[in-house]
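[1] The following block contains a protein sequence and its predicted model.
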Amino acid sequence: PLANDSDWSSIAPTTYTVASEGSYTLYPWAKDEAGNVSSVFATPVNVIVDATAPRVAMNSTASDPTNISPIPITVQFSEAVTGFIADDITVTNGSVDNFIAVDGDTYTFDLIPSGQGIVTANIAQSVAMDTVGNGNVAAPPFSRTYDTVSPTISSIVRADANPTNAPSVNFTVTFSEEVMSVDMSDFTLSTTGNIAGSSIAGVTGSGSAWTVTVNTGGGDGTLRLNVPISADIKDLAGNSLGGLPFTGSAQYIIDKTAPVIVSVDRVSTVWTNAASVDYRASFSEPVTGVDASDFHPDVDSGNITGAAVTNVAMEGSCTTYCSTYIVTVNTGSGDGVLAAVPDDSATVSDAAGNQLGTPPYFSVGAYLIDKTAPMISSIVRASADPTSADSVDFTVTFSEEVTGVDTSAPFDDFTLSTAGVTGAAITSVSGSGSTWTVTVSTGSGDGTLGLSVPVSADIQDLAGNSLGNLPFANGEQYTIEKTRVLLVA
């Protein structure tokens, strides 16, 4: 220094202020009253100025989360320190073991979890000091989630409509926690019926929810997704999937077969004169979309006109899908054979979406519509005439087959007309179809004997039409001759 520098002091300094941290050399000089400056006095002093607190951090090779115990931890200071011991580490849900001072700035210890969940370790400030006495800065908190519980499958459910005829379907697989390493090899399929060619097509997802896409193959049956014991699925801590094999999946009903109409048959007896009739349409499986536009009346023979389908209703307690439907048809006018036939354009489908197959179909049960009243064609003698016999037969012929002819006393469907004859009575009625025989006892006396059918006769044809041309009194008569003729010579 120069003699006239302003920094000279009359008292030897005990401190020296520097501008920043670093390494400094202090050189002492002296100056007498005459202003003479000495050479460097004594030996220069080397001084290192350090005001920076040592930093510290903890790290581990264990993943987060982890199923490792103990968890190995390395404590790294930014410089060498002293005074750092195991008790300076504060732990929650765990304890410190195997504390080792590797060197002045590196330490290791084992963090032993006490239970499942988050395990933490903290190092407070100023628990260790560097060589000049600076206390450390507090370490960033260290934590790991300790998990040794195996993940499980919560559910495997259908993600698409069921039943289905789709070429592929999706299953949603839900795990109890986030998992990894999920791929197609972790799943298998089980089927029933005649399904062939089904396969796992892909796996997507993340966390605890994954989607497995499956090709349904060909054929009908059920399709289920399983997780075999060989599945290599783990949670984030590395725990393998538990509860295997898993076969509790919801299953799809695979239906690729089109429904067909098995029959359209009568609900009631074949002969009818009703204004409307019902048919039972039976399908091979429950279907929907069936309405009046899917059927039309078919007149196979006769002169029926004006017939029309008026209603179609599900039979029984069905709601949306049903395997039998009641088809109501107005019979119109005229007589003939009437059936209900499905249309070629019928828009009917099963629950899987398969449209009605192989139209057209034909009814297997038709009604014989008969709205024409039966008539008495004739009543003729079936015995000799004239006669003295105790009984005679009348043949009654109707225009068609009839029923309800009274064949037991008092034979109310017939009456007798007599002249000169007393005590005549109907004794029996027999026959079938359109031809009947009425046997009458001729009584006594001479005269005529005829058979009539009164208005009150309860004779009907097979369709229930009552006899039309009543009363009928136009039949043939017998001449009864019971008095002997004496010849006088």
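    Yep, that arrived. Residues are numbered from 1 along each chain as shown.
[2] Quick check: Ser456 touching Asp412?
    Yes: the pair Ser456 / Asp412 is scored as a contact, 6.8 Å apart, by C-beta atoms under 8 Å. Every C-beta, even on glycine, is put in place using the N, C-alpha and C of the backbone.
[3] Give me the more crowded residue out of these two.
    Using other C-beta atoms under 10 Å as the criterion, Ser456 and Asp412 rank with Asp412 on top: 13 against 10.
[4] and the gap between the more buried one and Thr247?
    76 Å (C-beta to C-beta, to the nearest Å).
[5] same deal with Asp130?
    For Asp130 relative to Thr247 (C-beta to C-beta), the value is 64 Å.
[6] okay, these two: which has more neighbours?
    Under the neighbour definition other C-beta under 10 Å, Asp130 and Thr247 were set side by side, and Asp130 has more, 20 against 13.
[7] Quick check: closest non-adjacent residue to the more buried one.
    Pro54 (4.8 Å; C-beta to C-beta, 6 or more residues apart in numbering).
[8] burial of that neighbour, as a residue count?
    Neighbours of Pro54 under the rule other C-beta under 10 Å: 20.
[9] thought it was touching Thr131?
    No: in this structure, Pro54 is not within contact of Thr131 by C-beta under 8 Å, at 9.7 Å.
[10] Now the common contact residues for those two.
    Residues touching both Pro54 and Thr131 (C-beta atoms under 8 Å, 6 or more residues apart in numbering) are Glu79.
[11] if you skip the residues just before and after it, what's nearest to Leu462?
    That would be Trp271: by C-beta to C-beta, 6+ apart, it lies 3.8 Å from Leu462.
[12] Give me the number of neighbouring residues for the one you found.
    Count around Trp271 with other C-beta under 10 Å applied: 16.
[13] State the distance from it to Val277.
    Taken as C-beta to C-beta, the span from Trp271 to Val277 is 11 Å.
[14] Need the residues touching each of these two.
    Common neighbours of Trp271 and Val277 (C-beta under 8 Å, 6+ apart) are Tyr367.
[15] so where's the stretch 251-400 of the chain uncertain?
    Applying pLDDT under 70 to the stretch 251-400 of the chain picks out residues 359-363.
[16] how about the strands in it?
    Applying DSSP state E, counting those that start in this stretch to the stretch 251-400 of the chain gives strands spanning 251-254, 261-266, 271-272, 276-288, 295-302, 308-314, 322-330, 336-342, 349-350, 367-369, 376-381, 391-398.
[17] can you pull the buried residues of the last one?
    By neighbour count with 16 or more other C-beta atoms under 10 Å, strand 391-398 contains the buried residues Val392, Asp393, Phe394, Thr395, Val396, Phe398.
[18] Next: the second one.
    Judged by neighbour count using 16+ other C-beta under 10 Å, the buried positions of strand 261-266 are Ile261, Val264, Arg266.
[19] Please apply the same query to the fourth one.
    Counting neighbours by 16+ other C-beta under 10 Å, one finds that the buried residues in strand 276-288 are Val277, Asp278, Tyr279, Arg280, Ala281, Ser282, Phe283, Glu285, Val287, Thr288.
[20] before we move on, what about the first one?
    Residues of strand 251-254 classed as buried under the neighbour-count rule (16+ other C-beta under 10 Å) are Gln251, Tyr252, Ile253, Ile254.
[21] And Pro113, how close does it get to Pro140?
    Pro113 sits 20 Å away from Pro140, going by C-beta to C-beta.
[22] more neighbours, these two?
    Taking other C-beta under 10 Å, Pro113 and Pro140 do not tie; Pro113 has more neighbours (23 against 13).
[23] That one pairs with what?
    Gly94 (DSSP bridges).
[24] Next up, the contacts around it.
    By C-beta under 8 Å, 6+ apart, Pro113 lies in contact with Ser69, Pro70, Ile71, Asn93, Gly94, Val119, Tyr146.
[25] Now do it against Met58, distance only.
    For Pro113, the distance to Met58 - C-beta to C-beta - is 15 Å.
[26] got it, and Ala281?
    From Ala281 to Met58 the distance is 79 Å (C-beta to C-beta).
[27] and if you look at Pro167?
    55 Å.
[28] For the two, work out which one has more neighbours and name it.
    Neighbours per residue, other C-beta under 10 Å: of Pro167 and Met58, the larger number sits with Met58, 20 against 11.
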